[in-house]
Structures are given as C-alpha cells and as structure tokens.
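A.B. asks: got a predicted structure here, sequence first:
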Amino acid sequence: MAINTIGVLTSGGDAPGMNAAIRAVVRSAIASGMQVIGIRRGYNGLINGDTFELDARSVDGIQTRGGTMLYTARCMEFKTEAGVKKAADICRYMGIGGIVAIGGDGTFRGALDLSRSGICTVGIPATIDNDIACTRYSIGFDTACNTALESIDRLRDTMQSHERCSVVEVMGNKSGALAMYVGVASGATSILIPEKPVDLEKDVFERMRRGRIQHRNHHIVIVAEGVGHADDIAKAIHEATGVDTRVTVLGHVQRGGSPTARDRVAATRMGCRAVECLAAGLTNRVVCAHNDEIIDRDIEEALAMQPEFHEELYRVSQMTVL
Ligand code: ATP
C-alpha cells in the first residue's frame, strides 16, 4: 500500500547537519505527494504523540543551522516491547505509514523494532563520531572535525609562544576517527586512539625529546575520549619530559555550529534517498555512504557489520610526525 504520510525524528546525540537532513526529507516527500509529520524528542515524541505537520516553508533555511529543530532525546520506554507497540499504534492512529529516523546505531535498533511492528522505517546516520559500521560517512563528522581543528590551530599559536605542550581531548565515544582526522589535519605530535595500544613512552615522550633536539619548542597531543582523561596524560607528559603542559577538553563545542558544505550535501542526499526508499515501499533500511554513492542496506545486516579501521590514515598520521 502506498504511503501518504511519513514521520521524521532525530534521536540519540545531536550532530550538525541533522537539520539539513530534515529539510531534505520534508521537501522530497512533499515533492513526491506525501504529507510530513515532525516528531519531537526522538522516540519520546512518537510514544507521547508530540507531533506537528511540517510543510515546505517550515524548513526554510534550516540547513544553515546546527542542532536539530525537532529536538533529540533518549527514550528508555521505547526499548521495551510495550513502548514499541504504543508507538506503532500511534503511527497507525495518525495515518503515519513510514518513519525516517535520524541518529546512530541505537536509533536504528529502534527503527528495526518499529519495522517489525508493521511501520515502514528508514534510518539516516548522523553522529560526529563517524563510528557507524555500515557507512563510510555519518552526518556531522566533517563539521565537528573543522570545529575542533579551528580550536587546535588557535592553541598551537599560544603553545608556540610559551613553548608548551597542548593536550587536547576530542570526542569520538569509543572511536578514534575524529581524533585521527583532526590530528592529521593539525599536524599533531601524537594522536592517541582507542583502536591502538597506547605507549606513552614511544608515541609521546620520545617524540617530544627528539623534537627538543631539533629545536621544536611546542607540541600538540590529541587524545580521543575513548583513551582516557587528558589530565592524566598531561600529568604523565610533564613528569616524563618536564615540558609545561596545558589541557583542553573540547567537549560539546564539537557538536554545534553551522554545518559544512560536506555535511549539508551528505544530509540532503541521504534525506532524499530515505524518502525514495519509503516511496518505493521499502522498510527496515538504513541509508549509507559507500564509495562516492548513497546506498541503502537492511538495518539488521547493517547493525551486524563491524567498524572498519582506517589503517592507511593511521599510517599516514605516524609518518608525518617528527
Ligand atoms: P549516538 O550514539 O550518536 O548518541 P544513538 O542513536 O546510537 O546515537 P542511543 O542513545 O543509543 O543513540 O539510541 C537512541 C534511542 O534509540 C534510545 O534512546 C532509544 O529510544 C532507541 N533505542 C536504542 N536502542 C534500542 C533498542 N535496542 N531497541 C529499541 N530502541 C532502542
């Protein structure tokens, strides 16, 4: 049966570019003759019927803004059978035949459950961590990299003046993807990521000592949050090398800001693909970036995939330091 009305929600941690994805879903669905319902605060809004109609004008210009106009939240009730049933019943009552769920792996697990309850679902990957195994790219990653990079470049100026070492903790959950990108882009002395064993002596102290012989007077050490606390690493660096260290935890600043062109374009392509899936009567799909294309995969298969570590980027990051 053709779908006349779809719902769109954002769930889990926010990411710059979610708004651009919402806009693409709304505009492409309306162009295909469908009505679009915005659902507030992720699966909470579905369970509580906290919804409103989104017309083409209601998403004017939102592609330039970070965050999500639909708000995002975690919803414990949706992890229960009763919660999913309630959400599916509300969809049926409101005539919503399909849901586009924008978020991470948890959000896709929710979409899988909803699909099993008879509501068509499509997921769109959005997380600054870029740690979703089924897709090479997640909305928000590029903006977060650039935001972090801008701060690190500023830190380098002051570290150079005072001949210090800056230990910068970046987000990434259990993934080192963000740390590797900003580490390579900023020319960091060391990049510590959870995917590789951390050897402070070899990867940090020795490099700093070597640098000192070559008259390098300042250092940037990038620590992925999955490795541990930047404070502990800074203390160890000071004890081992005597270099004055300063810690910066970039934190949630990395989650905000106007999305980059890359994120806006990825979000727009993914949003349109999600609507195409629903219009074609597909369910239980997740939109993914694969090579230079946007494809869709079965959610269950997607969730079973293992994250691929970017060995080549890691190798490069090790080759370009002192
Ligand atoms: P990120 O990790 O980037 O914050 P995410 O989508 O993985 O994004 P989660 O908090 O894991 O974030 O999940 C978001 C929401 O998805 C949860 O609050 C819950 O409503 C729903 N969800 C998560 N796991 C499940 C599950 N196993 N079954 C049903 N719903 C789930």
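C.D. replies: Okay, I see it. Residues are numbered from 1 along each chain as shown.
A.B. asks: ok, the residue of the stretch 201-322 of the chain at minimum distance from the ligand - how many residues close by?
C.D. replies: Nearest to the ligand, among the residues of the stretch 201-322 of the chain, is Leu303, at 9.4 Å (CB to the nearest ligand atom). C-betas here are computed from N, CA, C, even on glycine. A count of nearby residues for Leu303, using other CB atoms under 10 Å, gives 17.
A.B. asks: test my guess that it contacts Asp105.
C.D. replies: Yes: counting by CB atoms under 8 Å, Asp105 is a contact partner of Leu303 at 6.5 Å.
A.B. asks: so who does the most centrally placed residue in the chain touch?
C.D. replies: For the chain, the residue nearest the mean C-alpha position is Thr127 (1.4 Å; CA atoms, centre = their mean). Residues near Thr127 by CB atoms under 8 Å, 6 or more residues apart in numbering: Gly12, Gly13, Ala15, Gly103, Gly104, Ser138, Ile139, Gly140, Phe141.
A.B. asks: got the phi/psi numbers for it?
C.D. replies: Dihedral angles of Thr127 (phi, psi; degrees, to the nearest 10) stand at phi -170, psi 140.
A.B. asks: what's the residue of the stretch 201-322 of the chain closest to the ligand in contact with, if anything?
C.D. replies: Contacts of Leu303 (CB under 8 Å, 6+ apart): Asp105, Phe108, Arg109, Leu112, Ala133, Cys134.
A.B. asks: send me whichever strand or helix holds it as PDB with only the CA atoms.
C.D. replies: According to DSSP states H and E, Leu303 maps onto helix 299-304. Listed in PDB are the C-alpha atoms of helix 299-304, where the atom choice follows Å, rounded to 0.1, in the frame of the first residue of the first chain:
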ATOM      1  CA  ILE A 299      19.100  -2.500   9.100                       C
ATOM      2  CA  GLU A 300      19.700  -5.900  10.700                       C
ATOM      3  CA  GLU A 301      22.600  -6.600   8.300                       C
ATOM      4  CA  ALA A 302      23.900  -3.000   8.900                       C
ATOM      5  CA  LEU A 303      23.900  -3.500  12.600                       C
ATOM      6  CA  ALA A 304      25.800  -6.700  12.300                       C
END
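A.B. asks: buried stuff in that helix?
C.D. replies: If you call a residue buried by 16 or more other CB atoms under 10 Å, then helix 299-304 has these buried ones: Ile299, Ala302, Leu303.
A.B. asks: contacting residues around the closest residue to Arg41 other than its chain neighbours?
C.D. replies: Leaving aside its chain neighbours, Arg41 sits nearest to Ala73 (4.0 Å; criterion: CB to CB, 6 or more residues apart in numbering). By CB under 8 Å, 6+ apart, the contact set of Ala73 is Ser11, Arg41, Gly42, Asn44.
A.B. asks: my read: the first one touches Leu114, true?
C.D. replies: What that stands for is Ser11. No: under the criterion of CB under 8 Å, Ser11 makes no contact with Leu114, lying 11.4 Å away.
A.B. asks: of the contacts of Thr127, buried ones?
C.D. replies: Buried among the contacts of Thr127 by 16+ other CB under 10 Å: Gly12, Gly13, Ala15, Gly103, Gly104, Ser138, Ile139, Gly140, Phe141.
A.B. asks: show me where the stretch 151-300 of the chain has helices.
C.D. replies: Remark: helices assigned in the stretch 151-300 of the chain by DSSP state H, counting those that start in this stretch are 177-186, 200, 206-213, 230-241, 261-279, 299-304.
A.B. asks: that concludes my questions; thank you for your assistance.
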